[in-house]
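S.K.: okay, here's the prediction I keep looking at, along with the sequence it came from:
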Amino acid sequence: AKTRHYNFEVGYIYWSPDCEERMMIGINGRFPGPTIRAKAGDTIVVKLKNSLPTEGVVIHWHGIKQLGTPWADGTASISQCAINPDETFVYRFQVDKAGTYFYHGHYGMQRAAGLYGSLIVDAPDGEEPFRYDAEHSLLLSDWWHESVQAQTLGLSSIPFRWVGEPQTILINGRGQYNCSLAHFTGETSLCKITNSQCAPVVLRVLPNKTYRLRIASTTSLSSLNLAIGNHKMTVVEADGNYVKPVIVDDIDIYSGESYSVLITTDQNTSSNYWLSIGIRGRLPKTQPALAIINYHPNSLSKLPSSKPPVTPQWNEYSHSKAFTYKIVAMDGTPMPPAKSNRQIALLNTQNKIDGYIKWSINNISLAVPPTPYLGSMKYGLKNVFSAEKPPENFSEDYDVMRPPINPNSKKGSGVYKLEFNSTIDFILQNTNTLSENVSEIHPWHLHGHNFWVLGYGDGKFKKSDVAEFNLKNPPLKNTVVLFPYGWTAIRFVTNNPGVWPFHCHIEPHLHMGMGIVLAEGVEFVSKIPNEALACGITGQKLRN
Ligand SMILES: O=C1O[C@H]([C@@H](O)CO)C(O)=C1O
């Protein structure tokens, strides 16, 4: 195994991700950040210098378990202090499992400002369970013209100002605001590709080969659907776990998820083809993103002879559910324990606190303290976070189909303390928002673990649903969708000492409190590096 070293300098840059120039967060002067590529078992060392003039920063390595290095998980106020301007923090961790991952900011809404990049871990030689000739990576995101500072302010204002729908969907950090379709379909009047930073993405392929497309979504808000004209896709990997190969026309991908699909370039070689990405689950106000599959030796500017695939209706949830339910584990995947030791139900509601709109879990909206949980729990410090045990359930008569009767909740910072090496079930329960007849998609992401997805259902979870759990081939994931008005059940084993958030991966929703904090085996955490505990020279002084 190798150690792979990277230097990241995080700073503001002028950039034109969708042909309109804005200020973004970049790494080493570019957007998106550099791709990290390693082999399973390697150690990654990222020396991260914060060159943002007046903001802290952290980076989370999404999907990496951080076994033995919980302080390198990159969550501000949870695993470490945010890194101060001009300071450097060294992330050192092992990538133990092959798969398609990414990294992103995990402080405030910095991910939405562009702080992200790809992290790809190759299987040891000859250990990939399927074959392909070559691969392409697609890191998907969504982009707003309003600054992240203004978005953040709007979310905590009265009246509330929602971020709204994104201006542009980006593929590998590139999109074309308001002109993607117009450009490629010949209605060129709207379209100005002003800059190579927003040049359309082209995937070059040779005829009659098999390609692996690694697709990851780090969107701030959008649930996406991806399809390729004339080509079926075989899904083989989800969130760094092999799945039973399944052939589909299009895939849904939620923020925080990744998939690998195989495509075979066996279509008419005189044409190029469209890859198209549209929005699901919210009334779209954003053009689909397009990329070109360029068959050799066609010119890459040769327009495909058929139209881009059309995304299903945004609210056709039966289509999304049909796709999601098809994803099951590949034979040979570790099986879940047959029973859990503890079941925790998590009611997802939109509420108000003093007139501010928030998201709450069992009526508590997460507000993290300034001192990181990991160090404070390890050293038994008092008064860092709420000592109150957060609730494990909600009232039996809660009507999930109606807006909350009592819409007021409260802020909290309590921790779900989980017994080490025990089996935990979480039942995520969706509900109606503050508005009548609205329930939204929430992709939930767990740090430090993969979990088995045991089942999904419509309406309210019933005790009898446990009997229907899939214990035969549940997929392992680190992010799972919670459908509107539905429930999702997951199971995992608390075998990774540390403090781990479990939260909605929609950036504004997390910012509005939609998450919880778990702790397991903190007594087994070995020496936390000083820089994760206290900051700067005064921090050093106080530590000594
Ligand atoms: O958190 C959210 O707030 C808005 C809306 O519910 C209130 O304006 C929205 O669509 C969200 O996802």
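M.R.: In hand now; what should we look at?
S.K.: name the SS class of the nearest residue to Pro309 once chain neighbours are set aside, please.
M.R.: If the residues on either side of it in the chain are set aside, Pro309 comes closest to Ala227, at 3.7 Å by CB to CB, 6 or more residues apart in numbering. Bear in mind the C-beta positions are built from the backbone N, C-alpha and C, glycine included. Put simply, Ala227 is strand when judged by DSSP: H, G, I helix; E, B strand; the rest coil.
S.K.: okay, now Ala227: neighbour count?
M.R.: Residues near Ala227, counting by other CB atoms under 10 Å, number 22.
S.K.: check contacts around the residue nearest to Asn272 when sequence neighbours are not counted.
M.R.: Excluding its sequence neighbours, the residue lying closest to Asn272 (CB to CB, 6+ apart) is Pro304, at 4.8 Å. Contact analysis of Pro304 by CB atoms under 8 Å, 6 or more residues apart in numbering lists 184, 229, 271-274, 292.
S.K.: Pro304 in helix, strand or coil?
M.R.: Assigned by three-state DSSP, the conformation of Pro304 is coil.
S.K.: can you give me the strands in the stretch 151-300 of the chain?
M.R.: Taking DSSP state E, counting those that start in this stretch to define them, one finds strands in the stretch 151-300 of the chain at 168-171, 201-205, 210-217, 223-228, 233-238, 241-248, 250-253, 258-264, 273-280, 289-295.
S.K.: how about the residues of this structure near the ligand?
M.R.: With CB under 6 Å from any ligand atom as the criterion, the chain meets the ligand at residues 160, 162, 433, 440, 509.
S.K.: which one of those residues is nearest Gly278?
M.R.: When these are compared for distance to Gly278 (CB to CB), Glu440 wins out at 17.4 Å.
S.K.: next, that closest one: secondary structure please.
M.R.: Going by three-state DSSP: Glu440 is coil.
S.K.: need the pLDDT of the closest residue to the ligand within the stretch 51-200 of the chain.
M.R.: Residue nearest to the ligand within the stretch 51-200 of the chain: Trp162 (4.1 Å; CB to the nearest ligand atom). You'll see Trp162 listed with a pLDDT of 98.
S.K.: for it, which non-adjacent residue is spatially closest?
M.R.: Per CB to CB, 6+ apart, closest to Trp162 is Gly154, 7.0 Å.
S.K.: next one, pLDDT for that neighbour please.
M.R.: Per-residue pLDDT puts Gly154 at 98.
S.K.: tell me the contacts of it?
M.R.: Counting by CB under 8 Å, 6+ apart, Gly154 makes contact with 160-163.
S.K.: residue ranges with poor pLDDT in this protein?
M.R.: 180-192, 535-544 (pLDDT under 70).
S.K.: that one: helices as residue ranges?
M.R.: With DSSP state H applied, the chain shows helices at 148-155, 180-184, 317-326, 373-378, 507-511, 536-543, listed in chain order.
S.K.: quick check: the residue nearest to Asn272 vs the ligand, distance?
M.R.: Taking CB to the nearest ligand atom, to the nearest Å as the measure, Pro304 falls 34 Å from the ligand.
S.K.: next one: Tyr356
M.R.: Taken as CB to the nearest ligand atom, the span from Tyr356 to the ligand is 12 Å.
S.K.: so that residue is in contact with Ile158, correct?
M.R.: Yes. Using CB atoms under 8 Å, Tyr356 is in contact with Ile158, at 6.4 Å.
S.K.: of the two, which one has the most company?
M.R.: Each of Tyr356 and Ile158 has its neighbours counted (other CB under 10 Å); Tyr356 has more, 16 against 10.
S.K.: how about the more buried one, what does it touch?
M.R.: By CB under 8 Å, 6+ apart, the contact set of Tyr356 is 156, 158, 160.
S.K.: who's it bridged to?
M.R.: Ile353 (DSSP bridges).
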